[in-house]
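In: structure for this input, please:
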Amino acid sequence: QVQLVESGGGLVQAGGSLRLSCAASGRTFSGYTMGWFRQAPGKEREFVAATTRIRVTYYADSVKGRFTISRDNAKSTLYLQMNSLKPEDTAVYYCAAHYSGSYYYTSSYNYWGQGTQVTVSS
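Out: Numbers count the residues shown, from 1 in each chain. Reported below is the predicted structural model:
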């Protein structure tokens, strides 16, 4: 079992920045591919970014060049640095962990946090 707790969400103006954190406990954090997903009202949960066990990173086209995913295995913490935020980035952001399968699909992930709200005003 892995427990995930997100933090760092909030209200920010367009063009601003936020850094999300996801603290993990339980099984060895370094053994998991970690991902960030988001879900806006009335929409399906969508992939944002992922980092593998060997720190290969992947991003959705909509956030590429603006968001950076990173992990600190010593602290069992996942981060998402979000810059140049846009109103369309408004959503609940979730971190997730998995040990096999595609980094892109929600169905590949075994563990999820409770989410943190990010609201970007125009």
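
In: quick check: buried residues in stretch 80-89?
Out: Leu80, Met82, Leu85, Asp89 (16 or more other C-beta atoms under 10 Å). Bear in mind the C-beta positions are built from the backbone N, C-alpha and C, glycine included.

In: need phi/psi at the last one.
Out: Asp89 has phi and psi values of phi -80, psi -10 when expressed as degrees, to the nearest 10.

In: for it, what are its contacts?
Out: Listed by C-beta atoms under 8 Å, 6 or more residues apart in numbering, the contact partners of Asp89 are Arg38, Val63, Met82, Val118, Val120.

In: turn the buried residues of stretch 80-89 into JSON lines, including secondary structure.
Out: Formatted as JSON lines, these follow (DSSP: H, G, I helix; E, B strand; the rest coil):
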{"residue": "Leu80", "secondary structure": "strand"}
{"residue": "Met82", "secondary structure": "strand"}
{"residue": "Leu85", "secondary structure": "coil"}
{"residue": "Asp89", "secondary structure": "helix"}
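
In: count the residues that sit near Tyr99.
Out: When neighbours are counted by other C-beta atoms under 10 Å, Tyr99 registers 14.

In: again, but for Ala74
Out: Neighbours of Ala74 (other C-beta under 10 Å): 8.

In: ditto for Tyr32
Out: 25.

In: any idea how far it lies from Phe47?
Out: Using C-beta to C-beta, to the nearest Å, Tyr32 is found at 16 Å from Phe47.
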